[in-house]
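Trainee: Would you be able to build a 3D model of this:
(one chain, ligands or ions: 1)
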Amino acid sequence: MATPQTRGNWSGRAGFILAAAGSAIGLGNIWRFPYSTAEGGGGLFVLIYVVFVLLIGLPVLLTELAVGRETGRNPVGAFKKLVPHSWWPAVGGLGVLTGFGILAFYSVIAGWTVGYLGMAVSGKLGAAVDGESSAAIFGSFVANPLWAIALSGLFLLLTVLVVRRGISGGIERLSMVLMPVLFFLLMALALRSVTLRGGLDGVAYLFTPDFSELSYRVIIGALGQALFSLSLGMGAMITYGSYMSKTENLWKAGGYVAMADTGIAILAGLIIFPALFFAQADVTAGPGLVFVVLPTIFNQMPLGLIVAISFFALLTIAALTSTVSLMEVCTAYFVDERGWPRKNATAVIGAGCFLLAVPSALAFGAVSGLSEGGWFTWDFLTLNNNIWGNYSLSIGAFLICVCAAWKWGVPRLLEALEGVAPRYPIPMRGVLTFMIKFICPLAVLLVLIFIVVTGEYF
Ligand code: PHE
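Mentor: Coordinates of the predicted model:
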């Protein structure tokens with residue numbers, strides 16, 4: 001079994017915050033948040049989302065970090081330590097499986113971003129002059145099985161190359177370099193977008209809630225997005241917390257991570273919506289928003305080529321710092337519980353994930369007719385997204401709350417949160433206690449019931 005010395009550690013608070021923010025900030029912020037916002041009617045969705053991040057996301061994030069730091073283990077080992085000789089470690093096991101499952105479809109979409117970066121650089125995206133031509137480019141790109149498989153394989157390989165180098169030498173180093181680049185690119189793009197003609201209408205769309213849009217779907221969608229975006233419910237934050245020193249106060253570290261994740265989602269909105277209003281494009285394009293609508297807008301913009309290249313570079317960076325966290329959850333399990341050398345673990349997980357990614361990569365062949373009537377006439381990518389990204393994350397988040405609040409106990413949770421760092425004011429502890437005991441598990445349970453009963457995705 002790996003000892004604390006051989007498991008690795010973050011070099012300090014900044015390293016942890018950048019890595020955890022890197023995990024949280026990903027396709028969820030830049031690809032999924034904007035289209036969910038559009039589907040949820042704009043400002044109202046954003047408002048509800050921010051409230052959920054504060055009331056539910058942050059308490060669950062703090063709980064996961066505390067569980068990880070206290071036990072110094074991967075999700076399975078963490079629950080073994082929290083509640084020995086019980087079935088609770090199965091919750092950690094579900095988390096490890098979920099990390100693997102999410103990685104297998106996330107790497108496919110991440111592969112598309114690399115492909116789009118390549119197409120932007122080579123000038124191919126220049127042909128996306130209107131909705132129809134752009135949709136055709138997207139359709140033939142994702143339906144090309146060789147590209148889709150090769151690019152997701154490439155992305156998994158990149159992820160393996162980072163994770164095999166360990167915590168401070170691999171994940172932390174990557175985040176220290178890439179997160180500032182990401183932030184700079186986002187700021188520059190948002191500035192470009194907001195100053196476009198009509199750009200301010202996009203800003204207004206993002207920040208003016210229209211309460212007539214209120215529906216249970218908007219509320220549930222916002223909660224699901226908050227969990228996914230903060231990387232909660234599958235032990236990513238337990239694992240990242242486990243490499244944290246006892247001298248850090250997790251209130252602050254967790255607060256920064258939640259703030260960075262939410263701030264970046266809003267910045268992504270400030271890039272996409274002003275651009276959509278500038279081009280008078282359809283804001284409700286769903287998941288195709290980033291890949292289909294944006295290229296046509298880039299082509300109408302001054303400096304469009306640079307903007308397009310920066311945007312897809314940014315998406316690639318954001319995706320990579322998230323895939324490393326997904327792989328780290330599985331790696332930590334094999335290193336801690338099975339005593340595998342880290343390098344072997346990453347190679348096996350990378351290869352296994354690639355096999356599972358292949359059917360997802362081929363899913364869109366069926367859509368465009370390439371493999372019609374063949375093996376992949378159903379959408380494996382969406383299926384995986386639903387099983388792991390929706391159902392499994394909410395089940396995990398619910399059980400983590402219940403275990404930490406009712407089995408392990410809030411007093412121990414609060415103590416673990418503060419470590420040996422100076423104490424914070426009492427009211428915050430009272431709020432967290434109430435949230436984590438009642439509001440968080442109840443809210444997540446409601447989402448779960450909703451998606452099971454209706455079969456809806458977030
Ligand atoms: N939070 C990541 C994103 O927004 C996705 C993710 C989910 C990563 C769960 C790790 C664990 O893209």
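
Trainee: Which residue ranges of the stretch 351-458 of the chain form helices?
Mentor: Here the stretch 351-458 of the chain has its helices, by DSSP state H, counting those that start in this stretch, at 380-384, 393-402, 410-418, 426-434, 440-454.

Trainee: who touches the last one?
Mentor: It refers to helix 440-454. 52, 56, 59-60, 216, 220, 223-224, 227, 390-391, 394-395, 397-398, 401-402, 405, 456-458 (Cβ atoms under 8 Å, 6 or more residues apart in numbering). C-beta coordinates here come from the backbone N, C-alpha and C atoms, glycine included.

Trainee: still on that earlier bit, please identify the deepest-packed of the helices of the stretch 351-458 of the chain.
Mentor: helix 393-402 (a mean of 25; mean count of other Cβ atoms under 10 Å).

Trainee: Does Glu70 touch Ala416 like I think?
Mentor: Yes - if you go by Cβ atoms under 8 Å, Glu70 and Ala416 touch, sitting 3.8 Å apart.

Trainee: and the closest residue to Val129 other than its chain neighbours, how many neighbours?
Mentor: Excluding the flanking residues, the one nearest Val129 by Cβ to Cβ, 6 or more residues apart in numbering is Asn299, at 5.9 Å. For Asn299, the neighbour count with other Cβ atoms under 10 Å is 20.

Trainee: next one: the one 5 residues further on
Mentor: Other residues within reach of Gly304 by the criterion other Cβ under 10 Å amount to 18.

Trainee: Now the lengthiest helix in the chain: average pLDDT?
Mentor: Counting residues, the longest helix in the chain under DSSP state H turns out to be helix 304-338. Mean pLDDT, helix 304-338: 95.

Trainee: Any part of it near the ligand?
Mentor: Yes - counting by Cβ under 6 Å from any ligand atom, contacts between helix 304-338 and the ligand involve Ser322, Ser325, Leu326.

Trainee: got the buried residues for that helix?
Mentor: Across helix 304-338, burial judged by 16 or more other Cβ atoms under 10 Å covers 304, 307-337.

Trainee: all strands of this structure, in order?
Mentor: Shown for the chain, no strands are assigned by DSSP state E.

Trainee: Contact distance from the ligand - what residues of it qualify?
Mentor: 23-24, 26-29, 102, 228-229, 231, 234, 236, 322, 325-326.

Trainee: cutoff 8 Å now
Mentor: 23-29, 31-32, 98-99, 102, 106, 228-234, 236, 261, 318-319, 322-323, 325-326, 329, 389, 393 (Cβ under 8 Å from any ligand atom).

Trainee: In the stretch 51-200 of the chain, which residue sits nearest the ligand?
Mentor: Ile102 (5.7 Å; Cβ to the nearest ligand atom).

Trainee: Backbone dihedrals for Leu230, please?
Mentor: phi -90, psi 10 (degrees, to the nearest 10).

Trainee: Apart from its chain neighbours, what residue comes closest to it?
Mentor: Gly57 (4.7 Å).

Trainee: how about the one you found, what does it touch?
Mentor: Ala226, Leu227, Ser229, Leu230, Leu232, Ala258.

Trainee: May I see the ChimeraX selection of the buried members of those residues?
Mentor: Of the contacts of Gly57, the buried ones go into a single ChimeraX selection, burial set by 16+ other Cβ under 10 Å:
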select :226,227,229,230,232,258
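
Trainee: can you put the contacts of Gly57 in JSON lines and add pLDDT?
Mentor: Output for the contacts of Gly57, formatted as JSON lines (pLDDT from 0 to 100):
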{"residue": "Ala226", "pLDDT": "94"}
{"residue": "Leu227", "pLDDT": "92"}
{"residue": "Ser229", "pLDDT": "96"}
{"residue": "Leu230", "pLDDT": "97"}
{"residue": "Leu232", "pLDDT": "97"}
{"residue": "Ala258", "pLDDT": "98"}
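
Trainee: Tell me which two in the contacts of Gly57 are the farthest apart.
Mentor: Using Cβ to Cβ, the two most remote members of these are Leu227 and Ala258, lying 12.1 Å apart.

Trainee: ok, of the contacts of Gly57, which one's closest to Leu146?
Mentor: Nearest member of the contacts of Gly57 to Leu146, counting by Cβ to Cβ, is Ser229, at 31.7 Å.

Trainee: Ser36 versus the residue lying closest to the closest one once chain neighbours are set aside, what's the distance?
Mentor: Setting aside the residues directly before and after it, Ser229 is nearest to Gly28 in space (Cβ to Cβ, 6+ apart), at 4.2 Å. According to Cβ to Cβ, to the nearest Å, Gly28 and Ser36 sit 9 Å apart.

Trainee: Find residues that contact each of these two.
Mentor: Gln225.

Trainee: ends of stretch 401-416, how far apart?
Mentor: 15 Å (Cα to Cα, to the nearest Å).

Trainee: Show the average pLDDT along that stretch.
Mentor: 94.

Trainee: Can you list the neighbours in contact with it?
Mentor: 60, 63, 66-67, 69-70, 79, 82-83, 86, 88, 91, 429, 432-433, 436-437, 440-441, 444.

Trainee: In the stretch 351-458 of the chain, which residue sits closest to the ligand?
Mentor: For the stretch 351-458 of the chain, Cβ to the nearest ligand atom, closest residue to the ligand: Leu393, 6.8 Å.

Trainee: contacting residues for that residue?
Mentor: Contacts of Leu393 (Cβ under 8 Å, 6+ apart): Thr98, Gly224, Leu227, Phe228, Leu232, Gly233, Met234.

Trainee: Apply 7 Å and report the result again.
Mentor: Thr98, Leu227, Phe228, Gly233, Met234 (Cβ atoms under 7 Å, 6 or more residues apart in numbering).

Trainee: mind showing which ranges of the stretch 151-300 of the chain have poor pLDDT?
Mentor: The model of the stretch 151-300 of the chain has pLDDT under 70 over residues 285.

Trainee: Tell me, how many residues neighbour the closest residue to the ligand within it?
Mentor: The nearest approach of the stretch 151-300 of the chain to the ligand comes at Ser231, 3.5 Å away (Cβ to the nearest ligand atom). Residues near Ser231, counting by other Cβ under 10 Å, number 31.

Trainee: try Phe16
Mentor: Applying other Cβ under 10 Å, I find that Phe16 has 28 neighbouring residues.
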